[in-house]
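Asker: whatever this is, show me its structure:
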Amino acid sequence: MNFRVGIGHDVHRLVVGRKLILGGIEVPHTRGLDGHSDADVVLHAICDAFLGAAGLGDIGEHFPNTDEQYKGISSTELLKQVYQKVQMAGWALENVDVMILTESPKLQAFKPKMKYHIAQVLGIDQAQVNIKAGTNEGLGYIGAKEGIAAYTVVLLRK
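Answerer: Got it, this is the predicted structure:
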């Protein structure tokens, strides 16, 4: 069998006046992520990992932040479109592994909801999705609670 691995990364600044959307769900917080879409770093990182593994470029090529049709769009919709492109290219998902870096909010209680949402969107078993969350130990922009980042790895098979 032919396998491919892709890695994705995204980061957005935390700002007042926006909802915090992570992994396709709303997480109660005093600030949300700033961006052209809903700024969901988790789903954006998954999209980039998919596109990389399938050799289809990156999220910015498919959904440029200069295109008004994507302003405020749900990243769930972006993920659906990306996964469809990956499937049309002949690839199937084996698993997705996500690492979210944030000092605040704590995400332990929200990880199962994110996992469920991602599995539902992709039409896969929840066992194929793993969500981890950690801090940056007070270092850098994440440690200063200025932003949230996500890293993702996906394994695809032909």
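Asker: buried set for the helix or strand hosting Leu51?
Answerer: Following DSSP states H and E, the helix or strand that holds Leu51 is helix 41-54. Neighbour counts over helix 41-54 (16 or more other C-beta atoms under 10 Å) mark 41-54 as buried. (C-beta placed from N, C-alpha, C; glycine too.)
Asker: try stretch 150-158
Answerer: Neighbour counts over stretch 150-158 (16+ other C-beta under 10 Å) mark Ala150, Tyr151, Thr152, Val153, Val154, Leu155, Leu156 as buried.
Asker: same check, this time on stretch 133-141
Answerer: In stretch 133-141, counting by 16+ other C-beta under 10 Å, buried: Ala133, Asn136.
Asker: cool, and stretch 85-103?
Answerer: 85-87, 91, 93, 96-103.
Asker: same check on stretch 101-120?
Answerer: Within stretch 101-120, the residues scored as buried using 16+ other C-beta under 10 Å are 101-103, 105, 107, 110-111, 113-115, 117-119.
Asker: which residues in the protein form helices?
Answerer: Along the chain, counting by DSSP state H, helices occupy 41-54, 59-62, 75-88, 111-122, 140-143.
Asker: just put those in JSON lines and tack on mean pLDDT.
Answerer: Shown next, in JSON lines, are the helices of the chain (pLDDT from 0 to 100):
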{"stretch": "helix 41-54", "mean pLDDT": "98"}
{"stretch": "helix 59-62", "mean pLDDT": "94"}
{"stretch": "helix 75-88", "mean pLDDT": "98"}
{"stretch": "helix 111-122", "mean pLDDT": "98"}
{"stretch": "helix 140-143", "mean pLDDT": "96"}
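Asker: those: which one's closest to Gly23?
Answerer: helix 111-122 (2.8 Å; C-beta to C-beta).
Asker: now do the closest one: which elements does it pack against?
Answerer: For helix 111-122, the packing partners by 3 or more C-beta pairs under 8 Å, 6 or more residues apart in numbering; DSSP states H and E come out as strand 25-26, helix 41-54, helix 75-88, strand 92-101, strand 129-134.
Asker: ok, residues contacting stretch 12-21?
Answerer: Residues outside stretch 12-21 that contact it (C-beta atoms under 8 Å, 6 or more residues apart in numbering) are 26-35, 38-41, 74-75, 105, 141, 145-148.
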